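In: A structural model of the following input is requested.
(2 chains)
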2 protein chains.
Amino acid sequence: MTISPLAPASFPTLPIIGGVRFSTVAAGVRYKGRTDVMMAELASGSAIAGVFTRSSTRSAPVLDCQTKLANPDGTNDRAVFLVNSGNSNAFTGKYGINSVNAITRKVADVTGVPSARIFTSSTGVIGEPLPHEKIEAVIETLSADLSENGAEAAARAIMTTDTFPKGSAAELEIDGKPVRIAGIAKGSGMIAPDMATMLVYIFTDAQISAAALQALLSSLTDKTFNAITVDSDTSTSDTLLMGATGASGVDVEGNAAFADALHGVMLDLAHQVVRDGEGATKFVEVQVSGAASDDDARKVALAIANSPLVKTAIAGEDPNWGRIVMAVGKSGAKADRDLLTIRFGDITVAENGWVSPRYSEEQGASYMKQQELVISCDLGVGTARSTVWTCDLTHRYIEINADYRS
Amino acid sequence: MTISPLAPASFPTLPIIGGVRFSTVAAGVRYKGRTDVMMAELASGSAIAGVFTRSSTRSAPVLDCQTKLANPDGTNDRAVFLVNSGNSNAFTGKYGINSVNAITRKVADVTGVPSARIFTSSTGVIGEPLPHEKIEAVIETLSADLSENGAEAAARAIMTTDTFPKGSAAELEIDGKPVRIAGIAKGSGMIAPDMATMLVYIFTDAQISAAALQALLSSLTDKTFNAITVDSDTSTSDTLLMGATGASGVDVEGNAAFADALHGVMLDLAHQVVRDGEGATKFVEVQVSGAASDDDARKVALAIANSPLVKTAIAGEDPNWGRIVMAVGKSGAKADRDLLTIRFGDITVAENGWVSPRYSEEQGASYMKQQELVISCDLGVGTARSTVWTCDLTHRYIEINADYRS
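Out: Numbers count the residues shown, from 1 in each chain, chains lettered A, B, ... in the order given. Next up, the predicted model:
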C-alpha cells in the first residue's frame, strides 16, 4: 500500500505516560503477519472518559463502552483498553455482545481488572462474527508483555486501511511540574464499515476527575474529530477513549493550558485521519464566517466539505468557485447570494454576488496546485464561524471502495 | 460523448398539444453547431404553474419566474417559455437580472405577449455574464418558426452534458374525450453548476385553474423530481414549468386519472435524469418502509442513495450490505439495529441484527451484476415509506467533474 502523499514525515516520539503500559500481538483475527490486537493498561484510580459514534446502528463494543462509562464502577481499580483490528464486531446481532463479554471475562481473569473497567474496541469487516477465541488466546501474552514504551507499536496494531500510523503528543509545565499527553489514532475513510472506522486513544499523567475529563473531551471533540469529514459517511464503531492516570501529581481541572495542549493533540490526530483519507491528494481547510448561527456556520462548512462536486473540482485543481456557491445554496443555512465572499487562501474570488473584479482564473488555477488549501466563505449575515477539514475525491477513492471486497 | 448505457432505446413520440407551439435555433451562446435556444408558446388563457430549486443562491431567471408566478398578471394572454443552454446566468450579480429583463423585453416586443407571461430559464456555466444580445438577436426567427411539432427539437436544444434528449407523454380519455400530456427535460448531474441543472417543461391540453395546477404539480414533485439524486448536490437553476392550454375542452380539476397520468410523465422524466446521471452504469431504486415518520423514511432513503460508500459498492457490483447498515445508522432517523431488514430485489440479505441465515454472498454478487437494482430496507419501527432513485458513483463521474473546465 502506497503511503498517503499527505502523511507526516515520520511518527512522532511519544513521551512515556506514568501509569500507562502497552502491549501488542499478532492474533490472526483477519490479517496475517502483522500485529492486530493491542492492550493498554492504566494505573489504579485513572479517570476514564469517552466519546462515541452517534450512529443508531453502532457496534456491540461501542454500546458496551457507553454503558460502562454511564455507570462507573471500580473506579479505584486499574483499567484496560483492549482493541483489535480486522473485524469490527458490528451488525453481528446477539453474537456481538457475546464476543465482547467473552473477551472482557478473559481480560478480567488474567489481569484482575474488574469487568466494569475493561473497554474494548473492534475495527474491520462488518457483519462477520468476531473470532473472539483468537483474541482470548493472546490475553495472557498481552498481559505479560505490558511495557511503558509500546505506544507506537499500539498505533500500528490498530491500523486497517490506514497507510501510516498516527500519533501525537504534548508536554507542558504546570506550576513547575511536567504534564504529558500522548495519543494514537486510526482512520482512513471517515469510515468504510468494511475496513475503516476512527479509533482514538489518549493518555495523560494529569490528575483530573472523570466528570471533568468527560466534559473537556466532549467539548474539544466538536472542534476536532467532529470537524473532519472524508466522505460524509459515519462509522458504526467510532470510538475516542481517554485515560488520566494522575501520575504527574498535577491537578489540571479547569486549567486552560492543559485544555489547549489536549486540543492540540486531538486536532493533530484528527488532521492525520484526513491526511490518510482514502485516495486523498489535497488537505483542505474550509472556513466559514459571517453566519447567522453556529449551526448555520457548520451546515455551510459541511455542505462545502462533503460536496462531491467541490471535492472533484479540488482533485482536478480546478478553481471552480461556482460549486462553492452551489454548496452554500443547498446547505439550508441563511444566505444571501449578493453578500457572499469566497476566498481561496488570500485570493478574493467572488464578492457582491459575482466574481471579484480583482480575480483572475490564472491566480485561482495556480493556487489550486498546492497540496494544502484553505477555502473560506463569509456569508455576511451574522458573526458565527465554523472550520472543517476534508480532502479531495479522487479516482483512488473509487478504486478503494468499488473494489474492496473483491 | 457516449450515450449513457441506461438510456431509453429511443426518444418517445410526443403527441401534439393543442395550443402549444415550439421553435429552436442555434444562437451560439456557448456551443457551436447545435441549437441552444428554444421557445414554447402557449395559447391565450393557459394556466401556468412552476416548481423551483430551494437553493438560497438561486439564479436570476429562477427568481424572476417565482416573482411572476406569485403575482400573476395578464392570465388571459398567451404565455412564452424561453430557454437557453450554455450559460446559467447564475451568480452574475445585478448583471443577471438585467439579462433576464433584456430578453423578456425583446420577446414581448416581437410576440406581443406581456412580460408577466414570459418565463425564462438558463442552464450552463455559472458566474459568467449571459451574452443576452445573442439571444435577443434570434427572437424574431424563433417567433416566426413556431410549430406544433417541435417538442423533440426543443428537448435537444436545452441539453448540456446530457447524453440523450428526454421526453415523456401520456394520453388518456376523460368523459370520452382525449386529453394529452407531453413533457421534456434535461439534467445529468443532480446538478453540476458548470454545465448541468434540471430543467423540465410539461404541456397539456387539459383545462384546469392555475391554482389547482400548482397544487397538483407541487404535490407530485415530492414523489418524482424531489425523489431523485445523482450526487446530493443541488442546482442553483432547477426549474419545472407546466402549462395547461385547455384546448381539449376537458376540465381535469380533481380528476384522479389525470393526476395519475401526470405523475407517470413526471416520474418517467425524473428517471431519465437519473439514467443520464454523470458516469452512471446502474439505475437504483431505494425503497424504505417501516419508518417512524415520513420524514424519517425519506432521511434513510436519501442517506442510502447519497452515500459515496454505497454508491461505489454498487459501481463495483459488491453486495456490501454493511454499507447500507452504516447509512441507516448515520441518517438520524429512528432505527433499531436488531429490527432492520435489508433486501436486494427479492433476496433477504440481513435481518434481526445480522446477515440472514438464508443469504449467500454468491446470491448477492449475482444480483448486483444487473443494470437495474432495487435496494429495500424495512426499519421495523413504524409504517411510513419513501422511495428514491439514484445511480452509482463511478470513475467516469470523477473524470467528468474533476476535468470539466480544463
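In: low-confidence regions, chain A specifically.
Out: A:1, A:189-197, A:232, A:403-406 (pLDDT under 70).
In: helices of that one, start to end?
Out: Under the criterion DSSP state H, helices of chain A are mapped to A:60-70, A:93-111, A:132-136, A:139-144, A:151-157, A:210-223, A:256-275, A:294-306, A:308-315, A:321-330, A:361-368, A:395-402.
In: and the ones you listed as CSV, adding mean neighbour count and distance to A:Cys377?
Out: Glycine gets a C-beta too; all of them are placed from N, C-alpha and C. What follows is the helices of chain A, written out as CSV (neighbours: other C-beta atoms under 10 Å in any protein chain shown; distance: least, C-beta to C-beta, whole Å):
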stretch, mean neighbour count, distance to A:Cys377
helix A:60-70, 20, 34
helix A:93-111, 19, 42
helix A:132-136, 20, 47
helix A:139-144, 17, 48
helix A:151-157, 23, 35
helix A:210-223, 17, 18
helix A:256-275, 20, 19
helix A:294-306, 23, 7
helix A:308-315, 27, 11
helix A:321-330, 28, 6
helix A:361-368, 16, 15
helix A:395-402, 22, 24
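In: dump those helices to TSV, plus distance to chain B.
Out: Listed next are these as TSV, based on distance: least, C-beta to the nearest C-beta, whole Å:
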stretch	distance to chain B
helix A:60-70	9
helix A:93-111	3
helix A:132-136	15
helix A:139-144	26
helix A:151-157	23
helix A:210-223	17
helix A:256-275	15
helix A:294-306	8
helix A:308-315	4
helix A:321-330	3
helix A:361-368	9
helix A:395-402	3
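In: can you put those in a markdown table and add distance to A:Arg117?
Out: As requested, those are exported to a markdown table (distance: least, C-beta to C-beta, whole Å):
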| stretch | distance to A:Arg117 |
| --- | --- |
| helix A:60-70 | 8 |
| helix A:93-111 | 9 |
| helix A:132-136 | 18 |
| helix A:139-144 | 14 |
| helix A:151-157 | 18 |
| helix A:210-223 | 11 |
| helix A:256-275 | 22 |
| helix A:294-306 | 35 |
| helix A:308-315 | 42 |
| helix A:321-330 | 45 |
| helix A:361-368 | 50 |
| helix A:395-402 | 37 |
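In: how about the ones you listed, which one is nearest B:Ile139?
Out: Ranking the helices of chain A by their distance to B:Ile139 (criterion: C-beta to C-beta) puts helix A:321-330 first, at 27.5 Å.
In: got a list of contacts for the closest one?
Out: With C-beta atoms under 8 Å, 6 or more residues apart in numbering or on different chains as the test, helix A:321-330 has contacts from A:300, A:303-304, A:307, A:309-310, A:313, A:335, A:337, A:340, A:342, A:344, A:349-350, A:355, A:364, A:375, A:377, A:379, B:53, B:55-58, B:90-91, B:125-127, B:191-194, B:233-236.
In: let's go with 7 Å and repeat that
Out: The contact list for helix A:321-330, computed with C-beta atoms under 7 Å, 6 or more residues apart in numbering or on different chains, reads A:300, A:303-304, A:307, A:309-310, A:313, A:335, A:340, A:342, A:349-350, A:375, A:377, B:55-58, B:91, B:126-127, B:191, B:193-194, B:233-234, B:236.
In: cool, and stretch A:139-147?
Out: A:21-23, A:25, A:37, A:39, A:41, A:106-107, A:110-111.
In: okay if I get the residues you listed as a markdown table plus distance to A:Asn76?
Out: Shown next, in a markdown table, are the contacts of stretch A:139-147 (distance: C-beta to C-beta, whole Å):
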| residue | distance to A:Asn76 |
| --- | --- |
| A:Arg21 | 18 |
| A:Phe22 | 22 |
| A:Ser23 | 23 |
| A:Val25 | 28 |
| A:Val37 | 27 |
| A:Met39 | 20 |
| A:Glu41 | 15 |
| A:Lys106 | 23 |
| A:Val107 | 18 |
| A:Val110 | 20 |
| A:Thr111 | 15 |
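In: ok, so of those, who is nearest B:His132?
Out: Ranked by distance to B:His132 (C-beta to C-beta), these are led by A:Val37 at 67.7 Å.
In: which residue comes closest to A:Thr383 once chain neighbours are left out?
Out: Of all residues not flanking A:Thr383 in the chain, A:Gly290 sits nearest, at 6.9 Å (C-beta to C-beta, 6 or more residues apart in numbering or on different chains).
In: hang on, I meant A:Ser23
Out: Sequence neighbours aside, A:Asp145 is the residue nearest to A:Ser23 in space, at 3.9 Å (criterion: C-beta to C-beta, 6+ apart).
In: from A:Ala206, how far off is the one you found?
Out: Distance from A:Asp145 to A:Ala206, counting by C-beta to C-beta, to the nearest Å: 26 Å.
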